[in-house]
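Asks: Need the 3D shape of this:
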Amino acid sequence: MTNRVTIIGTLVDDPKIRSFEQKGGTIEIVSLWLEVKEEHRTDRFTVEINDGKASVAAKALKKGVTAEVSGKLRHDRWKDKGTGRWTGKVFVAVDPGGGAVKSLGRNETSAAA
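Replies: Below is the predicted model of the structure:
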């Protein structure tokens with residue numbers, strides 16, 4: 001079974017970088033928030049990048065840039081400690097060797113903002 005997705009959208013904010021200590025070193029995850037506009041609808045997607053090469057490209061992106069992201073669609077689930085309820089999110093994951101991040105430049109609307 002193949003799980004691949006490609007999204008082209010505009011960055012809503014600058015990339016966010018989180019670091020986690022792990023046995024043998026540190027893991028860095030770069031998060032992007034992409035907005036995809038169509039004629040009657042706007043959707044926002046979270047992208048989490050755990051690939052060194054893709055992370056370098058993602059860190060260079062800035063708010064308002066149009067980007068193309070390819071990766072895998074994932075669902076994360078956890079139990080809220082306060083309420084005891086299960087919650088979750090769907091996101092695009094870019095794993096080592098499993099996706100890419102590419103800038104398509106600024107469009108006229110984002111350049112004016």
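Asks: Just give the nearest non-adjacent residue to Val12, would you?
Replies: Nearest residue to Val12, sequence neighbours excluded (C-beta to C-beta, 6 or more residues apart in numbering): Trp33, at 4.4 Å. For the C-beta atoms, the positions are set from N, CA and C on the backbone; glycine is no exception.
Asks: same thing with Ile7?
Replies: Ile7 sits nearest to Val69 (C-beta to C-beta, 6+ apart), 5.2 Å away.
Asks: tell me the pLDDT at the one you found?
Replies: Note on Val69: pLDDT of 94.
Asks: mind listing what the nearest residue to Lys59 once chain neighbours are set aside touches?
Replies: If the residues on either side of it in the chain are set aside, Lys59 comes closest to Pro15, at 5.7 Å by C-beta to C-beta, 6+ apart. By C-beta atoms under 8 Å, 6 or more residues apart in numbering, the contact set of Pro15 is Val30, Ser31, Leu32, Ala58, Lys59, Leu61.
Asks: Wait, a strand at Thr2?
Replies: No: secondary structure of Thr2 (DSSP: H, G, I helix; E, B strand; the rest coil): coil, not part of a strand.
Asks: So what's the residue count around it?
Replies: 4 (other C-beta atoms under 10 Å).
Asks: residues touching it, list them.
Replies: Per C-beta under 8 Å, 6+ apart, neighbours of Thr2: none.
Asks: Look up how far Ala54 lies from it.
Replies: 19 Å (C-beta to C-beta, to the nearest Å).
Asks: With Pro15 instead?
Replies: 11 Å.
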